[in-house]
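[1] Sharing a sequence plus its predicted fold:
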Amino acid sequence: MAKDRASRRAQLRRQTAEQANATDSKREGKQAFAQEYAYVLKDLRRVFALAAIMFVLLIILNIALL
């Protein structure tokens, strides 16, 4: 019985260590992805801001020309 408990505890420790390593590698992957594609987010913000300005300009011109 004592051997069974000890082997189960050892197995749980290994599983916990493996899960911690997997979580760390996922976290590192997300950070690398965010750093690598940071310029895309800046470009998207610029495009959305420009689209919003153009949309407002169209509304103003529509009101002014009626």
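    The structure has been received and is ready for your questions.

[2] C-alpha from now on. contacts and neighbour counts both.
    OK.

[3] Give the buried residues for the helix or strand harbouring Lys42.
    Here Lys42 sits within helix 38-65, counting by DSSP states H and E. When burial is assessed from 16 or more other Cα atoms under 10 Å, helix 38-65 yields no buried residues.

[4] Mean pLDDT per helix and strand in the chain: which one sits at the bottom?
    Averaged element by element with mean pLDDT, DSSP states H and E, the chain has its least confident helix or strand at helix 2-36 (a mean of 74).

[5] That one - contacts with which helices or strands?
    Applying 3 or more Cα pairs under 8 Å, 6 or more residues apart in numbering; DSSP states H and E, one finds that helix 2-36 contacts no other helix or strand.

[6] Next, the angle helix 38-65 makes with it.
    Interaxial angle of helix 2-36 relative to helix 38-65 (axes from the mean of the first three to the mean of the last three Cα atoms, to 10 degrees): 50 degrees.

[7] Could you list the buried residues of helix 2-36?
    So, applying 16+ other Cα under 10 Å, helix 2-36 has no buried residues.

[8] pLDDT of the helix holding Lys42, averaged?
    Average pLDDT, helix 38-65: 95.

[9] and it, how far out from the chain's middle?
    25 Å (Cα atoms, centre = their mean, to the nearest Å).

[10] Stretch 50-66 too?
    34 Å.
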